[in-house]
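Trainee: just a sequence and a predicted model for now, questions to come.
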Amino acid sequence: MDIIAATAQFIEQKFADEGSGHDWAHIRRVWLMARRLATAAPEADHEVTELAALLHDIADWKFHDGDYEAGPRAAREWLRSQQAPEALIVRVETVIREVSFKGLGVATPVSSIEAALVQDADRLDAIGAIGIARAFAYGGHKGRPLHDSAVAPVAHDSFASYQKNSAPTLNHFYEKLLHLKDRLNTDAARQVAQERHAFMETYVARFLAEWDGID
Ligand code: ADP
Ligand code: NI
């Protein structure tokens, strides 16, 4: 079995029972979307792109006391167990380090086309119908209210304040989700984002109308 197939099988097993929005279904979609976006970027190394997509959430900082190196470290450990060459491991680790959203006011530059593709694929899965479902699943997992009009959205300008955030879930749309279409790297991803973004805007408008009993 090649290293991509072995990694897919390992991650599928590891995330089978994950209910916080970082489940195998999410990782699989990011993997498929990264491959799809890569068809418009033939210069991308498919092994780096696919391995990074599969491993990007292996140890999310949100569930490791904010330890931002937990993901790259766990990816390295797995790839070493598969006898991956050091140069490949370093490239995958770098992508994983660069993928995550860190607050509206925090720049998240990518240093490779492979990181651009995986970051875009991950962000596309945070918007649209699936993105809405994931946001409320995450909020539920954290025991947060759906919405509270007295709590204003915050444009987090540091990773630390974004990490500490515990606002109602609807705020997350203003603090992240509705901005993601403008935080994409590739034209291919921007194209996919259009319909998903429009759907989310319609959704939020309806949510607010129903919330106040107007609708
Ligand atoms: P990314 O993979 O873009 O770095 P995260 O790992 O931060 O995103 O988030 C994973 C999923 O959980 C996404 O769908 C995201 O929108 C959702 N999520 C993260 N933080 C919150 C929050 N405070 N409220 C609701 N959903 C959230
Ligand atoms: Ni992800």
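Mentor: Noted; the coordinates are in hand. Numbering: from 1, shown residues only. Ligands and ions are numbered 1, 2, ... in the order given.

Trainee: going forward, measure contacts and count neighbours with C-alpha atoms only.
Mentor: Will do.

Trainee: just the mean pLDDT for the top helix by length along the chain, thanks.
Mentor: Secondary structure of the chain read by DSSP state H shows that its longest helix is helix 187-211. Mean pLDDT, helix 187-211: 97.

Trainee: and that helix, what does it pack onto?
Mentor: Secondary-structure packing of helix 187-211 (3 or more C-alpha pairs under 8 Å, 6 or more residues apart in numbering; DSSP states H and E): helix 113-124, helix 128-141.

Trainee: quick check: buried residues in the longest one?
Mentor: Along helix 128-141, these residues count as buried under the neighbour rule (16 or more other C-alpha atoms under 10 Å): 128, 131-132, 134-139.

Trainee: then stretch 173-188?
Mentor: 173-178, 180-181, 183-186, 188.

Trainee: any idea how far Glu210 is from Tyr203?
Mentor: Per C-alpha to C-alpha, to the nearest Å, Glu210 is found 11 Å from Tyr203.

Trainee: quick one: which of those two has more around it?
Mentor: For the pair Glu210 and Tyr203, the greater number of neighbours falls to Tyr203 (15 against 11), based on other C-alpha atoms under 10 Å.

Trainee: who's in contact with the spatially most central residue of the chain?
Mentor: Per C-alpha atoms, centre = their mean, the C-alpha nearest to the average position across the chain is that of Asp122, at 3.7 Å. Residues in contact with Asp122 (C-alpha atoms under 8 Å, 6 or more residues apart in numbering) are 30, 99.

Trainee: that older thread, what's in contact with the longest helix of the chain?
Mentor: 37, 40, 120-121, 124, 127-129, 132, 178, 181, 184, 215.

Trainee: now do stretch 124-141
Mentor: Contacts for stretch 124-141 (C-alpha under 8 Å, 6+ apart): 19-21, 26, 29-30, 145-146, 168-169, 172, 177-178, 180, 189, 192-193, 195-197, 199-200.

Trainee: ok, now stretch 46-57?
Mentor: Contacts of stretch 46-57 (C-alpha under 8 Å, 6+ apart): 4, 7-8, 11, 22, 27-28, 30-31, 34-35, 38, 71, 75, 88, 91-93, 95-96, 99, 114-115, 117-118.

Trainee: sorry, back to before: dump the buried residues of helix 128-141 to TSV, plus distance to ligand 1 and pLDDT.
Mentor: Supplementary listing: those in TSV, determined by distance: C-alpha to the nearest ligand atom, whole Å; pLDDT from 0 to 100:
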residue	distance to ligand 1	pLDDT
Gly128	10	98
Gly131	5	98
Ile132	8	98
Arg134	5	95
Ala135	4	96
Phe136	6	96
Ala137	7	92
Tyr138	5	92
Gly139	5	94
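
Trainee: spell out which parts of the chain neighbour ligand 1.
Mentor: 21, 100-101, 122-123, 126, 131, 134-136, 138-139, 169, 172 (C-alpha under 6 Å from any ligand atom).

Trainee: if you set the cut-off to 8 Å instead, what comes out?
Mentor: 20-22, 57, 60, 62, 99-102, 119, 122-123, 125-127, 131-139, 165-173, 176-177 (C-alpha under 8 Å from any ligand atom).
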